[in-house]
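Colleague: after the sequence you'll find the predicted model.
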Amino acid sequence: MGDVPRVPTYLQPDAAEGFKASPAWPAFAAVGTTIVHDFTVLTEAQYGEGMGVRWSRIAQPVLVVDGDASFSFMAAGADMAAKALPNARRKTLAGQGHGPEPEVYAPVIREFLGG
């Protein structure tokens with residue numbers, strides 16, 4: 001008999017629990033309530049094989065935005081998401097970081113929503 005494939009550690013349900021137990025957790029938890037979801041999505045995007053397949057079935061239009069003054073990995077992640085989503089529109093905001101200014105971001109959202 002062949003070997004039974006193991007589920008990679010980063011996809012196991014308790015992976016986020018291990019992250020919560022790490023010394024880095026308080027700093028991450030302080031930035032938002034979606035951090036476990038974010039961790040799961042980011043680890044799947046970085047190490048998983050199913051994101052492109054699953055995301056290719058999303059039919060809704062999606063706006064994927066980053067700022068050119070943000071962390072370099074943000075652009076790569078935004079590019080990956082836009083490539084995986086069949087109805088994605090990709091936009092990079094000039095002079096903006098991870099927290100773009102509302103007066104720069106609002107017109108982009110307004111245009112995307114058709115208003």
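Modeller: That came in fine, so what should we check first? Residues are numbered from 1 along each chain as shown.

Colleague: quick check: which element contains Ile58?
Modeller: Following DSSP states H and E, one finds Ile58 outside all helices and strands.

Colleague: sorry, that was for Lys83
Modeller: Going by DSSP H and E, Lys83 is in helix 72-84.

Colleague: beyond that helix, next helix or strand please.
Modeller: By DSSP H and E, the next helix or strand past helix 72-84 is strand 88-93.

Colleague: please save the CA atoms from that next one in PDB.
Modeller: Backbone C-alpha positions of strand 88-93 (Å, rounded to 0.1, in the frame of the first residue of the first chain) are rendered in PDB as follows:
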ATOM      1  CA  ALA A  88     -11.000  41.000 -10.100                       C
ATOM      2  CA  ARG A  89     -10.000  44.600 -10.800                       C
ATOM      3  CA  ARG A  90      -6.500  45.400  -9.600                       C
ATOM      4  CA  LYS A  91      -5.500  48.900  -8.400                       C
ATOM      5  CA  THR A  92      -2.400  50.300  -6.800                       C
ATOM      6  CA  LEU A  93      -2.700  53.600  -5.000                       C
END
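
Colleague: for the spatially closest residue to Ala59 that is not a sequence neighbour, give me phi and psi.
Modeller: Of all residues not flanking Ala59 in the chain, Asn87 sits nearest, at 6.5 Å (Cβ to Cβ, 6 or more residues apart in numbering). No exception for glycine: its C-beta is placed from N, CA and C like everyone else's. Here is the backbone geometry of Asn87 (degrees, to the nearest 10): phi -120, psi 40.
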